[in-house]
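Peer 1: Need a 3D model of the sequence below.
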Amino acid sequence: MSEETITASAESVRRLVVTKQHLAGKLPAKATCKDIISVVRDLTYVQWDPTSIVAPSHVISLWSRIGDFQLSDLDRLMWEDKMLFLHWTPIASIVLTEDYPLYYSLMRRYPNSLSDSWGTQRARARKFLAEHKPLRTAVLRELKSGPLVLNQFGGYVRTKRSADGWTTGNKVSLMLFHLLMSGEVMVVGRNGNQNIWGLPEEFLPSSAEKKLLTEQEVEFEAAQKAIRALGTASAREIHYYFPRGCYQNLKQTLKRLHEQSLIHRIHVTGLDDRDERYIHHEDIPLLQAMASGAWEARMALVAPFDNLICGRGRTNRIFGFDYVHEQFLPKSKRKFGTYVFPILWGDKIIGRVDPEMDREEERLLVNSVHAEPGAPRDKEVASEIRETIERLADFLGAKEIEYTAQVPEAWKNSLR
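Peer 2: Got it, this is the predicted structure:
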């Protein structure tokens, strides 16, 4: 182990990770637009998913970090003030307009900006765009008359989802995806569950800087953002986190960052990790503070597509917690439920809750609660879980909470 390698305990690193993800300490007294921007800035993105079994995942991700906030504030930031916008990174994400040069540079090189980790997607995108030039022209021509939802385009025909799973099988939908990735169209609003498509030149504010960065500059900036958002990260974790699957020379980028002392190698005691792990130099004082009594734990419900649990392998390594998106499994193979929220208590994930919002009856159904092996069984923790579920119910507008019998025995007195 070289002298420049930092050594830290697994507990300190977990605390750093949770803190960098805005999931430690007290919630804001009253959430504001500034709080929303702060979260997106520090996480780099918040994954967008409109599934509303409880509430959209991005809404829960923000709520768990800033508490009750006005959905109208998020809408205003995205569609009016335009400080945020919806883009694919290349997963659907809420991102900062101030970071537009990063996205613009990736867009200008699309599909070559996709790395080999996307398999055949780069070649398939290139082939589709080459074979459908008239469709591209038609889509852009229609949008010159104003924004449209998918079924308003002339060539749209409803079809089943495509074999690659990225889009619907309709060619207009697929073209819109590729045009979004290349920066020729963008999402300019929402109509219910539908994207409203428009032209960037008519939607983007003047603050969105169209500055073309080199591939090396993009990676140099993006890797630092990913490491800082994650607290500590290996190359694989950086590649998966942001921008997912878009690094061409990450090994060389990390070498440059290390040589300039912008990042440092870190050894985490007790962490079974064969890959080199890094921490940003600006976060070293924060890491050192994690062992002090000033660190404040929080109880939080983590959304299914939350940044904290981004990547099954990383979640296993850092938290010893195996999370599977069971909503994509046949019902017979689900172990914990349909839309499962991990329960974060301090720097540990101690359980799972499977909630469901019955909007017609204004009721939050708690289909099951599961405790992880070794989770605390005391009354205080159970009460914290109940209070957090109650806060979620209030945020969702539920007038009552209904628990099933599937609750850990030690927590039953509180969760009923």
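
Peer 1: where's the closest residue to residue 249 other than its chain neighbours relative to residue 255, distance?
Peer 2: Nearest residue to residue 249, sequence neighbours excluded (Cβ to Cβ, 6 or more residues apart in numbering): residue 219, at 6.5 Å. Where C-beta positions appear, they are placed from N, C-alpha and C, glycine not excepted. Between residue 219 and residue 255 the distance is 11 Å, computed by Cβ to Cβ, to the nearest Å.

Peer 1: Kindly list the longest helix within this protein.
Peer 2: Scanning the chain for the helix with the most residues, using DSSP state H, yields helix 379-396.

Peer 1: on contacts alone, who are the packing partners of it?
Peer 2: Other helices and strands packing on helix 379-396, by 3 or more Cβ pairs under 8 Å, 6 or more residues apart in numbering; DSSP states H and E, are helix 57-66, strand 299-301, strand 341-345, strand 348-358, strand 363-371, strand 400-403.

Peer 1: Next up, the contacts around the residue nearest to residue 249.
Peer 2: 247-250, 253 (Cβ atoms under 8 Å, 6 or more residues apart in numbering).

Peer 1: Which pLDDT value goes with it?
Peer 2: Looking at residue 219, its pLDDT is 98.

Peer 1: The closest residue to residue 210 other than its chain neighbours: how many residues sit nearby?
Peer 2: Residue nearest to residue 210 in three dimensions, not counting chain neighbours: residue 104, with 5.3 Å by Cβ to Cβ, 6+ apart. Residue 104 sits with 20 neighbouring residues when counted by other Cβ atoms under 10 Å.

Peer 1: Could you do residue 359 as well?
Peer 2: Neighbour tally, residue 359, other Cβ under 10 Å: 10.

Peer 1: what about it, distance to residue 52?
Peer 2: 9 Å.

Peer 1: now do residue 155
Peer 2: 29 Å.

Peer 1: where in the stretch 51-200 of the chain is pLDDT low?
Peer 2: Applying pLDDT under 70 to the stretch 51-200 of the chain picks out residues 156-169.

Peer 1: run the last query once more with 80
Peer 2: 117-119, 155-169 (pLDDT under 80).

Peer 1: how about the strands of it, start to end?
Peer 2: Secondary structure of the stretch 51-200 of the chain (DSSP state E, counting those that start in this stretch): strands at 84-88, 92-96, 148-149, 186-191, 194-198.

Peer 1: Out of those strands, the one nearest residue 397 is which?
Peer 2: strand 186-191 (19.7 Å; Cβ to Cβ).

Peer 1: now the closest residue to residue 38 other than its chain neighbours: how far from residue 229?
Peer 2: Spatial nearest neighbour of residue 38, chain neighbours left out: residue 22 (7.6 Å); criterion: Cβ to Cβ, 6+ apart. Residue 22 sits 10 Å away from residue 229, going by Cβ to Cβ.

Peer 1: Between these two, which contacts overlap?
Peer 2: 42-43.

Peer 1: In helices only, show me the contacts of residue 219.
Peer 2: Filtering the contacts of residue 219 for helices - DSSP H - leaves 250, 253.

Peer 1: Derive a ChimeraX selection command for the buried subset of the contacts of residue 219.
Peer 2: With 16 or more other Cβ atoms under 10 Å as the criterion, this ChimeraX line picks the buried residues out of the contacts of residue 219:
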select :247,248,250,253
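
Peer 1: got CSV for the contacts of residue 219, with distance to residue 320 and pLDDT too?
Peer 2: What follows is the contacts of residue 219, written out as CSV (distance: Cβ to Cβ, whole Å; pLDDT from 0 to 100):
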residue, distance to residue 320, pLDDT
247, 27, 95
248, 33, 94
249, 32, 96
250, 26, 97
253, 30, 98
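
Peer 1: how about CSV for the helices and strands packed on helix 379-396, with distance to residue 38 added?
Peer 2: Below are these laid out as CSV (distance: least, Cβ to Cβ, whole Å):
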stretch, distance to residue 38
helix 57-66, 8
strand 299-301, 17
strand 341-345, 19
strand 348-358, 24
strand 363-371, 28
strand 400-403, 30
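
Peer 1: Any chance of TSV for these, columns mean neighbour count and distance to residue 44?
Peer 2: Compiled in TSV, the helices and strands packed on helix 379-396 are given as follows (neighbours: other Cβ atoms under 10 Å; distance: least, Cβ to Cβ, whole Å):
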stretch	mean neighbour count	distance to residue 44
helix 57-66	24	13
strand 299-301	22	19
strand 341-345	24	20
strand 348-358	21	22
strand 363-371	20	31
strand 400-403	16	34
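
Peer 1: wait, which of the ones you listed is closest to residue 234?
Peer 2: strand 348-358 (19.7 Å).

Peer 1: what's the angle from the closest one to strand 363-371?
Peer 2: 160 degrees (axes from the mean of the first three to the mean of the last three Cα atoms, to 10 degrees).

Peer 1: Please state the offset of strand 348-358 from the chain centre?
Peer 2: Per Cα atoms, centre = their mean, to the nearest Å, the displacement of strand 348-358 from the mean C-alpha position of its chain is 18 Å.

Peer 1: residues in contact with stretch 83-94?
Peer 2: With Cβ under 8 Å, 6+ apart as the criterion, stretch 83-94 contacts 33, 36-37, 40, 45-49, 58, 74, 77-78, 95-98, 103, 114, 118, 177, 180-181, 186-187, 195, 204, 242-246.

Peer 1: residues touching the most centrally placed residue in the chain, list them.
Peer 2: Nearest to the mean C-alpha position of the chain, by Cα atoms, centre = their mean, lies residue 47 at 3.2 Å. Residue 47 makes contact with 57-58, 61, 91-94, 305-307, 310, according to Cβ under 8 Å, 6+ apart.

Peer 1: Can you lay out those as TSV showing distance to residue 7?
Peer 2: Output for the contacts of residue 47, formatted as TSV (distance: Cβ to Cβ, whole Å):
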residue	distance to residue 7
57	35
58	36
61	32
91	34
92	38
93	34
94	36
305	33
306	29
307	26
310	25
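
Peer 1: Sort out which of these are buried, if you could.
Peer 2: Listed as buried from these are 57-58, 61, 91-94, 305-307, 310; burial here means 16+ other Cβ under 10 Å.

Peer 1: just those now: which is nearest residue 67?
Peer 2: residue 61 (12.5 Å).
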